[in-house]
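Trainee: Quick one: sequence plus predicted model below, questions after.
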Amino acid sequence: MTAAAHHASWLENLPLLPHDPHYVHVNGAILVFLFLTIVSLISNRIIKNNVEKFIVPSPKFNLVTIVDILIEGLYGLVETTLGKQGRKYFPFIAAVFIFVLFCNLLGLLPMSSAPTANTNTTVAIGLASFIYYNIMGIREHGFVGYLKHFLMGLGPAGIIVALLEMVSHAIRPVSLGIRLFVNMHVDHTVVMSFHNLFAWLLPVPLLLFGIVVCTIQAFVFAVLTAVYVQMATEH
């Protein structure tokens, strides 16, 4: 159990979800998933009905502008990593970024807990990225061609290299998950510790810093996924 799960959280009292503190991260992840699904459906309907209004970005600084900046920045990173073909991989990478970001931010709410401050959540997201980039690699090269990819072009002499490379691939979901878990666990633990000591004044700049950390960690996770896709699909 993480430090974030030791205090009572409103996530334990959500209807139709487990009220066991051990499942707080599950409740949080489900809540984020439902929230993003509802927002996506509503946003899709609004954009379809007013598509002309959203072609040119608004000159005013508002929530839509912030979202545009984040998504455009992420798309630029994906395109830099994957080239022009990054467009077809962007929906999954963007979905990972948005989900991780909101899971991170959930932990900054009062009496809450970040799903990404639990290794079960972070390793699961890492496993999803692992499955995705391997499937994309197989689709790009074919199953046999993808296996040959591990030989690094060395032929039979690359068998040892291939074995080491497979071990490296096998630990990627864990390494992705542990890295995200450690960053989120430390960040939210520090914020909660200072909040307990100084109820209102000091946590404010820490919360602002926490928002920055949450965003950066979501970007890093998404970019690492893009890098893995690039390595799996390159010729």
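Mentor: In hand now; what should we look at? Computed from a predicted model, the values in this text were never measured in an experiment. Numbers count the residues shown, from 1 in each chain.

Trainee: Could you report the neighbour count for residue 74?
Mentor: Using other C-beta atoms under 10 Å, residue 74 has 21 neighbouring residues. Every C-beta, even on glycine, is put in place using the N, C-alpha and C of the backbone.

Trainee: swap in residue 183?
Mentor: Number of residues near residue 183 (other C-beta under 10 Å) recorded here: 20.

Trainee: gap between it and residue 168?
Mentor: Look at residue 183 and residue 168: by C-beta to C-beta, to the nearest Å, they are 22 Å apart.

Trainee: ok, now residue 139?
Mentor: When C-beta to C-beta is applied, the distance between residue 139 and residue 168 equals 21 Å.

Trainee: can you check residue 27 too?
Mentor: The gap separating residue 27 from residue 168 is 34 Å, by C-beta to C-beta.

Trainee: Who has more neighbours out of those two?
Mentor: Residue environment comparison for residue 27 versus residue 168 gives the larger neighbour count to residue 27, 23 against 11, counting by other C-beta under 10 Å.

Trainee: show me the contacts for residue 179.
Mentor: When contacts are counted by C-beta atoms under 8 Å, 6 or more residues apart in numbering, residue 179 touches residue 220.

Trainee: tell me which element it is part of?
Mentor: Here residue 179 sits within helix 172-197, counting by DSSP states H and E.

Trainee: Over to residue 32?
Mentor: In this assignment (DSSP H and E), residue 32 forms part of helix 24-49.

Trainee: So which residues of this structure form strands?
Mentor: Along the chain, no segments are classed as strands by DSSP state E.

Trainee: how much space between the most centrally placed residue in it and residue 14?
Mentor: The residue lying closest to the centre of the chain (C-alpha atoms, centre = their mean) is residue 100, at 3.2 Å. Distance check for residue 100 against residue 14: by C-beta to C-beta, it reads 21 Å.

Trainee: ok, now residue 189?
Mentor: With distances taken as C-beta to C-beta, residue 189 is found 23 Å from residue 14.

Trainee: Same question for residue 43.
Mentor: Shown here: residue 43 relative to residue 14, a distance of 24 Å by C-beta to C-beta.

Trainee: Low-confidence stretches in this protein?
Mentor: 1-8, 51-58, 61-63, 153-155, 157-158, 188, 190-204 (pLDDT under 70).

Trainee: Next, count neighbours for the closest residue to residue 9 other than its chain neighbours.
Mentor: Beyond its immediate neighbours in the sequence, the residue positioned closest to residue 9 (C-beta to C-beta, 6 or more residues apart in numbering) is residue 113, lying 5.0 Å away. The number of residues packed around residue 113, counting by other C-beta under 10 Å, is 27.

Trainee: thinking residue 113 is in contact with residue 104, fair?
Mentor: No. Using C-beta atoms under 8 Å, residue 113 makes no contact with residue 104, being 11.4 Å away.
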